[in-house]
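J.: take this sequence and fold it.
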Amino acid sequence: MKAYFYAMNPEQQRLTANAGKKVPLEQWGPYLSERQWGTVREDYSAQGDAWGYFPFEHAHCRAYRWGEDGLAGISDFFQNLCFSVALWNGKDKILKERLYGLGNYQGNHGEDVKELYYYLDNLPTHYYMEYLYKYPQNEFPYDKLVKENSKRSREEPEYEILDTGVFDNDAYFDVHVTYAKHNAKDICIRISVTNRGKETADITVLPTLWFYNRWQYNSGLEKPVILKRNNTSVKAIHNRLGSKFLYFQDPDDLLFTENETNLQIIQGLEDGNVFTKDAFHRVIIDGEDISPFQNKKSGTKCSPVYKIKLEAGASQHIYLRLANKVIADPFSPGFEKIFIERKSEADLFYNDLLSSIEGSEKREIQRQAFAGLLWSKQYYHYDVERWLNTGDGITPANKGKQAGRNHDWKHLKNQDIISMPDKWEFPWYAAWDLAFQCIPMALIDPCFAKNQLLLIMREWYMKPDGQLPAYEWNFSDVNPPVQAWAALEVYHIEKRKSGKGDIVFLKRVFQKLLINFTWWLNRKDPNGNNMFEGGFLGLDNIGVFNRSSQLQGQAFLEQADGTAWMGMYALNMLDMALEIAIKDDAFEDTATKFFEQFVFIAEALNEHGMWNEDDKFFYDMLAIHGASPVQLKIQSVVGLTSLFAVSVIQKKVMDKLQDFKKRSSWFEKYRIKNGLFWPNEEHGERDEILLSLIPTERLVFLLERILNEAEFLSPTGIRALSKFHEENPYTVHFSGTDYTINYDPGDSTSDFFGGNSNWRGPVWIPMNYLIIRSIRQYGEFYGDHLKVECPVGSGIQLNLVEVADELSRRLIRLFEKDEEGKRPLFGEYHEFYSRPGNEQLVLFYEYFHGDTGKGLGASHQTGWTALVADLIERLQH
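T.: Next up is the predicted model:
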């Protein structure tokens, strides 16, 4: 790809200034989670029941321990002070303060958010942010969603909010929340409410300011306070944050309470305290006496209240301003211009960034992908040692918890802003998700992308033995080791854009990954034969067995993907060492080490029984003590991971690094002379060297599978499990039980890992991305010397760069309108998204139906699904 350089527009100037900070982060941003309830860190039960211990029904009246949540909200980067929007349509039993969804036990496919909300725009510095929430005018169907989903089996689709009829006849409000910063500490807020219905409707809006409750668990901590200044402003005082002022237009009421648990509801304690977290619910909805809350002049939670009546099609704006100083006239004439100015700057930033992208629709998809990625930054707080050894005021510290989940991760003390997969479905980081998220993030904010990759490797994350934390449900689970690959991708993206590579960043990553790589060798290769285990490796239900569970008796899995991932890891580390060694020859020896390790892993994958010569495919092996290993003949993406380990070493690198050239040449001659395995190594026309985990003929065989529409290739991407298994289920008999897997293109019909994800047929963007990137790399080396039929049976011969382009176009098609104006990802809900005002809305789902392309799983997993933005970019160059 060609190099191009950052345009110094206002946003890029702010990013350049942030790059000089130790942590390249704005103090204020969209750091408020969209779900704090139902998380592991809020669970103090002895049995580890996170969904049951802190359910949604407690969220409005029970103070959180480890963070806050809200609707379209912001906070400072330590989440001392939070702001979000609460709503009431006059019919609901609770205020709409946070997004609603089903817990894992309630959904027929696990947890799932049941709301309509959209991340419309955002800048990396958050100087401009825009969020859309669609709020029904009739009673929100909380009970109906629970009841109908509970009736459905795993074989049936989920019952979604658009199925309830609550949005019929456009009987809802569009609530646009827009933030525009004057500067880093002066934020203007506009809440725009539009009646989309055909009749006049009432809505109550409560912009809410509150403090994260740290004082209830730390008696020595000075309690912050929000003070009433006058009828249109309050002052928030915090010993660390300092003083902040919230200005607002003249409200109907101004209410104060405390962000503290209602003990009467939660524990049945009659303490007489009315100033609790849920006070505004009781006053606005239940008709409780409002005067104590009007007369209260201070608290830790406050809301101006706006009661609005809107005619059909009408809109009304509410303006607020959160600043660090006294402003005599915060809404002076022309105040609204800041929103126009910052929107213009956002347009300029993205126009410069996306100038080479052909077609406005693709640019809109990219921009919404970036918006979702940026809105998904979240404050994450979890000190495992403290969590284990303390109670939450309801449940004391207990032995069940102390011997349960994450008890061996006491060193983990997280309090950072982290890019989340999805701030409702996954309001916690996952090691391999984060790596993928950093790729599109690097296109808009490479400094933050680099910071995130380094953060997960810091000593308050990485275990002393070198293991990286997987995710809070079980930090000891094992995700694929993609951090080295992601670091190289981020490095090259920044180098391409700025003209300069950050070698110091590579060195820092490399040093930490040396420890992690050693952990893999010591812990996941028990037989020392370079055939690796790893458990589920992020692919929840991909196997016929639960790959994270110990098999009965003296049996274990030797995993084709575990081995392939490690081959990729070794090659990535080799590439990183070579890149650094060009500038610092102290790393040359390490490059040789990883080159040799790559050879050993390639030998294990190709020579030790994982390749099936009849099927032309790689399979996991079931090793049973005293018996011959059994290939598990499942044609899944597990067998395609062998494509990922591919690299091209340029001649200038070999010429520069003579010791590496000498050692690698000796190693090759020695192994060939002694009849030992040697991996695929080919020389190009410019004396560049291709290294890959598999030989060319096996590459071609795998491509024949990938490009066959009766197997892996769908109209909108590569399936995770071959459609071959639709008519040919695979069954293995083990320990008295038959285990079967078949093609399952939609929601999961198994309960592995909670049953809310499915790898047995759907299309997953991250795996598609890796396959496409690898095929493209092969294609750039082979050029027209290697062509394949694409799709199989079409008679069309394409080189591998053209194949990568075709696969990219199929994935991008998920998000584009077809000739009928339908986006495949919306499936049967197209009618709603064809209504005026909804046509440009896009969601970035967790995965997609293997036949139709309908979006499934988490609806806002813009984290790794934002990789589509990079695919669009690469397709243009």
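J.: need the residue closest to the centroid of the chain.
T.: Nearest residue to the geometric centre of the chain (Cα atoms, centre = their mean): Pro421, 1.6 Å.
J.: so what touches stretch 337-352?
T.: Outside of stretch 337-352, the residues within contact range by Cβ atoms under 8 Å, 6 or more residues apart in numbering are 7, 9-12, 121, 123, 127-128, 178, 180-182, 188, 190, 363, 366-367, 370. Just so you know, the C-beta spots here come from the backbone N, C-alpha and C atoms, and that holds for glycine as well.
J.: what subset of the residues you listed is buried?
T.: 9-12, 121, 123, 127-128, 178, 180-182, 188, 190, 363, 366-367, 370 (16 or more other Cβ atoms under 10 Å).
J.: if we can go back for a sec, just checking, the residue nearest to the centre of the chain touches Gln861?
T.: Yes: counting by Cβ atoms under 8 Å, Pro421 touches Gln861, with 5.4 Å between them.
J.: rewinding a little: from the contacts of stretch 337-352, which ones fall inside strands?
T.: Counting by DSSP state E, the part of the contacts of stretch 337-352 found in strands is Asp121, Tyr128, Thr178, Ala180, Lys181, His182, Cys188, Arg190.
J.: which of the residues you listed sits closest to Ile775?
T.: Checking the ones in strands among the contacts of stretch 337-352 against Ile775 by Cβ to Cβ gives Asp121 as the nearest, at 33.3 Å.
J.: and the closest one, what pLDDT?
T.: Looking at Asp121, its pLDDT is 98.
J.: list the contacts for it?
T.: Going by Cβ under 8 Å, 6+ apart, Asp121 touches Tyr128, Met129, Glu130, Lys343, Ala346, Arg367, Ala371.
J.: for it, name its beta-bridge partners.
T.: Glu130 (DSSP bridges).
J.: picking up where we left off before, who's in contact with the nearest residue to the residue nearest to the centre of the chain once chain neighbours are set aside?
T.: If the residues on either side of it in the chain are set aside, Pro421 comes closest to Gly863, at 4.0 Å by Cβ to Cβ, 6 or more residues apart in numbering. Contacts for Gly863 were tallied using Cβ under 8 Å, 6+ apart; they are Leu373, Ser376, Ser419, Met420, Pro421, Asp422, Phe426, Asp433, Leu434, Phe436, Gln437.
J.: if you look at the residues you listed, which of them are in helices?
T.: The helices, defined by DSSP state H, take in Leu373, Asp433, Leu434, Phe436, Gln437 from the contacts of Gly863.
J.: verify the contact between the first one and Trp864 for me.
T.: If I follow you right, that is Leu373. No: Leu373 lies out of contact with Trp864 (Cβ under 8 Å); the separation is 9.6 Å.
J.: what's the overlap in contacts for the two?
T.: Gln437.
J.: Lys296 and Lys307, how far apart?
T.: Distance, Lys296 to Lys307, by Cβ to Cβ, to the nearest Å: 20 Å.
J.: likewise for Gly90?
T.: Distance from Gly90 to Lys307, by Cβ to Cβ: 10 Å.
J.: now list whatever residues contact both of these two.
T.: Asp202, Thr204.
J.: okay, now the closest residue to Gln559 other than its chain neighbours: neighbour count?
T.: Using Cβ to Cβ, 6+ apart and skipping residues adjacent in sequence, the residue nearest Gln559 is Asp620, 5.2 Å away. Burial of Asp620 is recorded as 28 neighbouring residues (other Cβ atoms under 10 Å).
J.: low pLDDT regions in this structure?
T.: Low-confidence segments of the chain (pLDDT under 70): 1-7, 535-536, 538, 547-548, 752-756, 877.
J.: contacting residues for the residue nearest to the centre of the chain?
T.: Pro421 sits in contact with Ser376, Tyr429, Ala430, Asp433, Gln437, Ala858, Gln861, Gly863, Trp864, where contact means Cβ under 8 Å, 6+ apart.
J.: relative to Tyr306, how far out is the fourth one?
T.: Between Asp433 and Tyr306 the distance is 38 Å, computed by Cβ to Cβ.
J.: between the two, who's got more neighbours?
T.: Neighbour totals were compared for Asp433 and Tyr306, and Asp433 leads with 24 against 20 (other Cβ under 10 Å).
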